[in-house]
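Novice: here are the coordinates; sequence isn't available:
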């Protein structure tokens, strides 16, 4: 009996000791721990407030865009790039312009910290734009340029693929834009051209958002805006019978750079429907029309555009008769 009693007392003592240890471990053991706990609580509260503020701002932007009949999105697919939304009451009119930096995170690559797109946050960023499904998005293709390392080339393609997948999953209409195409069209493909030139051009086109293009690292925001503007003009804006507001802004900016004539109706360079076609595709189209197929790419494009003008003239005369 005495042995059983001693055993019970020992078990009770062990349980009491365990409860005391758990209680001690569950409470801050020192002043530094209490301060760390308080700091973490304040940070969580601050993030929550910032999230609510950003959500309110996004809701306001979405409400404004809900009154617009025309919306277009531009995407610079790089980790330092951005998304932009341009909208208005009618096609090509500009009532609202917004930009949002691409969501990123820092990862370790070969022992070094690198900035990369955050796949988990990208979908949320797209949804936060507040634009309807089916909206047209002009997405820059990750291009490989002379001097790129194998890793840089891989990352460029990886970023482009990520964005294309996310945008397709969210049911947007994706139009791919080659960097060489939009830069040439916007007068930025010249020797010595820098990111600062992209920022200056975007400020000229969209003065209402110049305050968000102040820093050198805002070149991604600027280029998303230029990609969207290029896409709109190249996809029919330049060929429309009446020049819309965004096309007029592009013409004025290019005229200031001495690239085009300021007069409405004068041709804009590289915005024709054949700019993105390969030489083989251009020759095939010319052959189908019974036209000459010799010459360089510029000659082929000019020949096709001349053919288009002749066709339009014949159709106009036929309609008038």
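Specialist: Nice, I can see it. Note that this is a predicted model, so its numbers are computed, not measured. Residues are numbered from 1 along each chain as shown.

Novice: give me the number of residues near residue 310?
Specialist: 11 (other CB atoms under 10 Å). Glycine gets a C-beta too; all of them are placed from N, C-alpha and C.

Novice: How are the helices of the protein distributed by residue range?
Specialist: Using DSSP state H, the helices of the chain run over 2-26, 31-65, 119-128, 150-169, 179-185, 195-205, 219-232, 245-256, 279-288, 297-320.

Novice: helices or strands up against the last one?
Specialist: Read that as helix 297-320. In terms of contacts (3 or more CB pairs under 8 Å, 6 or more residues apart in numbering; DSSP states H and E), helix 297-320 is packed against helix 279-288.

Novice: contacting residues around residue 113?
Specialist: Residues in contact with residue 113 (CB atoms under 8 Å, 6 or more residues apart in numbering) are 106, 107.

Novice: Mind listing the residues bridging to it?
Specialist: Beta-bridge partners for residue 113, by DSSP bridges, are residue 108.

Novice: Next one: the nearest residue to residue 173 once chain neighbours are set aside, what pLDDT does it get?
Specialist: Using CB to CB, 6 or more residues apart in numbering and skipping residues adjacent in sequence, the residue nearest residue 173 is residue 136, 4.7 Å away. In this model, residue 136 is scored at 95, pLDDT.

Novice: residue contacts, residue 136?
Specialist: 71, 72, 73, 172, 173, 175, 231, 235.

Novice: cool, residue 158 as well?
Specialist: Contacts of residue 158 (CB under 8 Å, 6+ apart): residue 142.

Novice: swap the cut-off to 10 Å and go again
Specialist: 77, 79, 116, 117, 142 (CB atoms under 10 Å, 6 or more residues apart in numbering).

Novice: ok, the closest residue in space to residue 303 that isn't next to it in sequence - how many residues close by?
Specialist: Using CB to CB, 6+ apart and skipping the chain neighbours, the partner closest in space to residue 303 is residue 291 (5.7 Å). Neighbour count of residue 291, defined by other CB under 10 Å: 14.

Novice: on that earlier part again, so which of the contacts of residue 158 is the most crowded?
Specialist: residue 77 (30 neighbours).

Novice: so that one makes contact with residue 160?
Specialist: Yes - using CB atoms under 10 Å, residue 77 is in contact with residue 160, at 4.8 Å.

Novice: Quickly list what's touching both of those two.
Specialist: Counting by CB under 10 Å, 6+ apart, the shared contacts of residue 77 and residue 160 are 139, 140, 141, 142, 176.

Novice: Let me know the closest of these to residue 209.
Specialist: residue 140 (18.8 Å; CB to CB).

Novice: picking that back up, can you put the contacts of residue 158 in TSV and add distance to residue 217 and pLDDT?
Specialist: TSV is the format used below for the contacts of residue 158 (distance: CB to CB, whole Å; pLDDT from 0 to 100):
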residue	distance to residue 217	pLDDT
77	16	91
79	12	90
116	16	90
117	16	90
142	19	77
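
Novice: In strands, which of these fall?
Specialist: Applying DSSP state E to the contacts of residue 158, the entries found in strands are 116, 117.

Novice: export the contacts of residue 158 to CSV and tack on distance to residue 197?
Specialist: Output for these, formatted as CSV (distance: CB to CB, whole Å):
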residue, distance to residue 197
77, 20
79, 21
116, 26
117, 25
142, 21
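
Novice: rewinding a little: between the shared contacts of residue 77 and residue 160, which has the most around it?
Specialist: Ranking these using other CB under 10 Å puts residue 140 first, with 28 neighbours.

Novice: measure that residue to residue 170 for me?
Specialist: 18 Å (CB to CB, to the nearest Å).
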